[in-house]
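# need a structure here:
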Amino acid sequence: MNTLIIGCGYVGKALAKALHALGHSVTATVKTSRNTASLDPYCQRVFFLRGSDQESMQKLIDANDLIIVTLAAKRKEDYQSAYLGAASTLLSCARNSPAKTLIYTSSTSVYGDHGGAWVDEKSVLQPSTENSSILVETEKTYTALEELGWNVTILRLAEIYGPGRSLQDKIKAMQGRILGGTGKAFSNMIHLEDIVGAVLYLHSHKITGIYNLADDEHPEKEVFYHDLARKYHLKGILFDPSLKGMRMDNKKVSNHKIKSTGYSLKRASRAL
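So this is what the prediction gives:
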């Protein structure tokens, strides 16, 4: 199958490698030349693409059957163009193209703060930041492709960890810090291996819709960081409620729906 990965970064590269091994002809788009060399073994073609470049986007969509969007914005000010801008361009192109299959990796941040309660795919979306609101609108834009006959799957990803983003590296970068808040917010994470596994599984079984992707375990951040620091013999992380810290939307993300399709998480437990 001819497959296009739009925004071939950390997640996209792992998908390119897996799809290449399955015999897909993979085309990737990137934002900088730094990523091209590492993609050459897995991609037949690598293009530089701006989300607003409708002419180039149209050619790429026309030439491929499966479109996977794994865009990520490195800066908060880039969310509008990286996510919603690209989605709007793709929707415009889709009106001039036969129906395709699209898989989009979204974020569990669309749920916002639910006071520590469980959230599933039917939960109310109440984004707490402007950028989370942009992600909600991006999901709506991609869902609109269904009206054109497209098969659309949206995966809401928890915080990603994996090779190059290990839990050890995470705690090492934070060791000894004092964070604002109580540390009672729940953690929601997902391993790169399960993102790849879920995309391949849902596509091969022709499953569409919206699915959360998170580990089974949701320890409170205070406990999670403490256990990590102890395991790797690093300085612990303290929380101070009197300090104003980063807003942490408190929720536990359910993975029941994707498991009900028959998909089994490869890294259901973080194995701290």
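# now stretch 111-119: average pLDDT?
Averaging pLDDT along stretch 111-119 gives 96.
# ok, now stretch 134-141?
Stretch 134-141 comes out at a mean pLDDT of 97.
# just the buried positions in that stretch, please.
For stretch 134-141, burial by neighbour count (16 or more other C-beta atoms under 10 Å) applies to I134, L135, V136, T138, E139, T141. C-betas here are computed from N, CA, C, even on glycine.
# likewise for stretch 215-231?
For stretch 215-231, by 16+ other C-beta under 10 Å, it's 215, 217-222, 224-229.
# ok, now stretch 169-178?
Quick answer for stretch 169-178 (16+ other C-beta under 10 Å): K170, I171, M174.
# which ones are touching the residue nearest to Y263 when sequence neighbours are not counted?
Nearest-residue entry for Y263: Y201, 4.7 Å, with adjacent residues in sequence omitted and distances by C-beta to C-beta, 6 or more residues apart in numbering. Residues near Y201 by C-beta atoms under 8 Å, 6 or more residues apart in numbering: I207, T261, G262, Y263.
# one more: D40?
V46.
# for the stretch 51-200 of the chain, just list every one of the strands.
In the stretch 51-200 of the chain, strands defined by DSSP state E, counting those that start in this stretch lie at 66-69, 101-107, 118-119, 151-157, 159-161, 178-180, 189-191, listed in chain order.
# may I have the helix or strand hosting A16 exported as PDB, CA atoms only?
Assessed by DSSP states H and E, A16 sits inside helix 10-21. This file holds the C-alpha atoms of helix 10-21, laid out as PDB (Å, rounded to 0.1, in the frame of the first residue of the first chain):
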ATOM      1  CA  TYR A  10       9.500  10.700  16.700                       C
ATOM      2  CA  VAL A  11       6.200   8.700  16.300                       C
ATOM      3  CA  GLY A  12       6.200   9.000  12.500                       C
ATOM      4  CA  LYS A  13       9.700   7.500  12.100                       C
ATOM      5  CA  ALA A  14       8.800   4.500  14.200                       C
ATOM      6  CA  LEU A  15       5.700   4.000  12.100                       C
ATOM      7  CA  ALA A  16       7.700   4.400   8.900                       C
ATOM      8  CA  LYS A  17      10.100   1.700  10.000                       C
ATOM      9  CA  ALA A  18       7.200  -0.700  10.900                       C
ATOM     10  CA  LEU A  19       5.200   0.000   7.700                       C
ATOM     11  CA  HIS A  20       8.300  -0.500   5.500                       C
ATOM     12  CA  ALA A  21       8.900  -3.900   7.100                       C
END
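# partners of the following helix or strand past it in the sheet?
Going down the chain from helix 10-21, the next helix or strand is strand 25-30, by DSSP H and E. Here strand 25-30 has these sheet partners by DSSP bridges: strand 2-6 (parallel), strand 45-48 (parallel).
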